[in-house]
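Colleague: here's my sequence, what's the structure:
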Amino acid sequence: MASPPPREVSLWSLSLGLYPGAILWGFQLWVSFGLVNVACGHGFEPMFHLVSLVFAALTALTIRTAYGLWRDLRLGSLAVRGAPGRARFMALSGIVANSYFLLLIVVGAIPSFLFNPCVS
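Modeller: Residues are numbered from 1 along each chain as shown. Take a look at the predicted model:
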């Protein structure tokens, strides 16, 4: 019995794997800065930790997705039009870029654990 042909992934979807980490990091900063007046005014300081945790988890999910694409491309269970080396490089770049932005989210969250963000 013949194995089914590998499913095809487009370069467009691979290029989308490069950007979510940067976008999520930007939104994490935006939401955290926007929460200062609301959270500090109403005593919701743990909200800063929750925001960082949610955005870190979403960024980790994008790393997992990029890793899955890279693994499937390497094993041959995904096909791509054009150069397969470029597709693997794009998936691997997605892993590296999103890992970098996960690191930025985690490092950016450390001060809110060490210092009170609501000190006037």
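
Colleague: what about residue 57, how many neighbours?
Modeller: By the measure other C-beta atoms under 10 Å, the count of residues near residue 57 is 12. The way it works is simple: take the backbone N, C-alpha and C, and place the C-beta from them, glycine included.

Colleague: that one - that's part of a helix, no?
Modeller: Yes. Assigned with DSSP: H, G, I helix; E, B strand; the rest coil, residue 57 falls within a helix.

Colleague: what stretches of this structure score poorly on pLDDT?
Modeller: Counting by pLDDT under 70, the chain has low-confidence residues at 1-3, 120.

Colleague: next up, phi/psi of residue 8, please.
Modeller: Residue 8 adopts backbone torsions of phi -100, psi 140, taken as degrees, to the nearest 10.

Colleague: quick one: contacts of stretch 22-38?
Modeller: Applying C-beta atoms under 8 Å, 6 or more residues apart in numbering, the external contacts of stretch 22-38 come out as 44, 47-48, 51-52, 55, 58-59, 62, 97, 101, 104-105, 108, 112, 117-118.

Colleague: please name the residues that touch residue 103.
Modeller: Residue 103 neighbours (C-beta under 8 Å, 6+ apart): none.

Colleague: what's the burial count for residue 7?
Modeller: Using other C-beta under 10 Å, residue 7 is surrounded by 9 other residues.

Colleague: so of the contacts of stretch 22-38, which ones are in helices?
Modeller: 47-48, 51-52, 55, 58-59, 62, 97, 101, 104-105, 108, 112 (DSSP state H).

Colleague: max pairwise distance over those: which two?
Modeller: 47 and 97 (27.7 Å; C-beta to C-beta).

Colleague: now the strands for the chain?
Modeller: Here the chain has its strands, by DSSP state E, at 7-8, 78-79.

Colleague: output the contacting helices and strands for the last one.
Modeller: Using 3 or more C-beta pairs under 8 Å, 6 or more residues apart in numbering; DSSP states H and E as the contact criterion, the neighbours of strand 78-79 among helices and strands are strand 7-8.
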